[in-house]
Each structure stands twice: as structure tokens, then as C-alpha cells.
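Novice: my questions concern the predicted model and sequence given below.
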Amino acid sequence: MKKNIALVMGGYSGEHDISIASGNQVYGQLDHTKYNVYKIVVDREGWYWEQDGERRPLDRGDFTVTDNGRKVRFDLAFIIVHGNPGENGVLQGYFDMLGIRYTTCGFYTSALTFQKGYCNPVVKSFKVVKVAESQLLYEEPDRQMLDELVGKLGLPLFVKPAAGGSSVATTKVKKADDLLPAIREAFTEDKAVLVEQFIPGREFDCGVFRKADGELLVFPITEIIPKGGHEFFDYEAKYEGFSNEVTPAECPESISRNVQEVSRTLYGALGCKGIVRFDYIYNTDKQELYFLEVNTIPGQSAESIVPKQARAMGITPAELYEMSIQAALA
């Protein structure tokens, strides 16, 4: 009998449209001869099942839909919601209560890794990778604290929402006078803001996935090279073509191995499941690797990083998503 798969996309964050694009890409790659796949859209105005461009009701009480008079219960939720509520553990907790399996990290790992201010000290405690100095803010700082932040972290520095993705409301601050406006902008996206030391170097990303049989796949790494005046991998660089993404990265084998081994370790130490991507900065002067963040639901559009890494490993997107389903069902 065909399994019923809920392909959950959308969300409440600035990554809503990116999630829809990722979800549509996944939908086109799934084997519809094996699965009944339902597009479920999470939206602030309501959750719904999308069929032939029409919005159909979804019962959030038990996460079911009615299809031709038949109540459909789902065997699996394939979660592709970037940001809130997909990457922060909210959906995972909901599905845990309903007893529905899903393709991502669990509630605890998702909640921890989504909040950078909480995740960074935990990663630092593993002593396998450097972590930039930072300060977590819950309210707008006064002038004295602004001066202390600059004195402690130096300039330039980064300001970002503590819980957010796709570099939304993230600013590279070069002048002290620009720090407070950057903090205010970050507070528009989250209740907590991370002010972080700037680490110069090359950005590398590495996808990791554990198969149903326990084999851990560590993908070839990607180097992110912003272009067109973009100094870091911001929203435009990610989604509007203002970056070169080189896979496999053209770097010494020692760097590639280091990134892959750290990613392998973090995947296990953080209790990750499903397809996960780890992001780093390699400081070429000090020859040290710095952890940036964990993406527990990385983008899956045709041009996203992890699908490119999988293809470089000889794995098609269709094969990757089939493995993801089998691992979750197992």
C-alpha cells in the first residue's frame, strides 16, 4: 500500500517563499508511484492542503485532510519549512505529540541549533572547532554597552537575529555609529540578537546525512564566494545570484578533510537526524576553522548547496529524498 507523505512547506519567517520553492523541488523529485504526496502549506493565515492550485482544508487537531470524502492520515511528514516553525522545533514537537514521524532533527536538537546564542557555547564545549566571540542581547543596549561591545568584539562585527536564517536582518557593521541601527533591525526579526566577532577568511559548507542502515554520508564541501559588492553570504548573495558556489571546493585537501571531520563529529554530538548542513569560516591567516551555524533544514531548490553536494557525490536529488524518507520511516 502506498504511504501517505505530507510535504510540509511555507512557514512564518522571511524564508517562506524559499521554503515553497524548496518544497516544489522536492515534490517533483519524489516517487509518486510509491507515495501519495500532499503539499501542506504552513501560513500565518492558516494551514492548508494545496491541490491543483486550490487551497483545501487541513485539520490541525490531528493533521489530516479529506480527499474525495476519505480522511487521510499521514505516515510521514517531509518537513521543508525553513525558519519558524520548521527549524526551531515547533513542528517537531507537534508531530511528536501526534505520533507522526518526520524527516528532520528532533525537537531538542532543532530548538538548540536554531538559537545561535545557545548553540555556539555548546559547540564550543565539544572542543573540535573554534567559535567566534559573541554577545547575546535581549534588549536594546545603552551607549555604555554599545561601547563595551565594540571594545570587546572589535570592528567590523556582525549583528544578526539569534534565531533566524538566510541572513535576514544580518548586518556587517564597520563603524561604531552603525551598530545600534543594525541591532534595531535585527530585533525586528527576533526577540534576541547576536553581536558577533568578525572572522576573516573563506566560507565552507558541508552537508551530512545518516541513512536508514546507519551509514553516515559526509558530502563534498562547498566554498561560498560572494560577488557583486556583497561582502558576505547575505540574502541576495544566496538567492539572487550574487555568489559563486564551488562544489567540490577548490582548496587544500587538509582543509576539506578538516571541514568534513568536524561536520561528522558535530552531527553526532548534537544528535542530528535527516539532512543537515554545517557552515564555517576558515581563517587562512591563523589556519583555523570557525563554526558559523547549523542548518537543520537546508534549502532544496535546484540550485541549493546540499543538492549540488549530493550530485558531486553521485547521488541524485530523487535518490537523496528517497533515502531521507526511508531513514525517517526506519
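Specialist: Looks like it arrived, so ask away.

Novice: for Ile225, see how far away the most centrally placed residue in the chain is.
Specialist: Nearest to the mean C-alpha position of the chain, counting by CA atoms, centre = their mean, stands Asn295 at 2.7 Å. Separation of Asn295 from Ile225 (CB to CB, to the nearest Å): 19 Å. Just so you know, the C-beta spots here come from the backbone N, C-alpha and C atoms, and that holds for glycine as well.

Novice: what of Gly299?
Specialist: For Gly299 relative to Ile225 (CB to CB), the value is 18 Å.

Novice: so Leu58 sits right up against Ile40, yeah?
Specialist: Yes. Counting by CB atoms under 8 Å, Leu58 touches Ile40, with 6.3 Å between them.

Novice: quick one on the thing from earlier: with adjacent residues omitted, what lies nearest to the residue nearest to the centre of the chain?
Specialist: Arg277 (4.3 Å; CB to CB, 6 or more residues apart in numbering).

Novice: in the helix or strand that neighbour falls within, what counts as buried?
Specialist: According to DSSP states H and E, Arg277 maps onto strand 276-283. Buried residues in strand 276-283, defined by neighbour count with 16 or more other CB atoms under 10 Å: 276-283.

Novice: would you list these in a markdown table and tack on distance to Tyr48?
Specialist: A markdown table is the format used below for the buried residues of strand 276-283 (distance: CB to CB, whole Å):
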| residue | distance to Tyr48 |
| --- | --- |
| Val276 | 28 |
| Arg277 | 29 |
| Phe278 | 33 |
| Asp279 | 33 |
| Tyr280 | 38 |
| Ile281 | 40 |
| Tyr282 | 44 |
| Asn283 | 47 |
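
Novice: show me where the stretch 201-330 of the chain has its helices.
Specialist: Using DSSP state H, counting those that start in this stretch, the helices of the stretch 201-330 of the chain run over 235-239, 253-269, 305-312, 317-329.

Novice: tell me the contacts of Tyr38?
Specialist: 4-7, 49, 51, 65, 67, 72, 74 (CB atoms under 8 Å, 6 or more residues apart in numbering).

Novice: same thing but at 6 Å, please
Specialist: Going by CB atoms under 6 Å, 6 or more residues apart in numbering, Tyr38 touches 6, 49.
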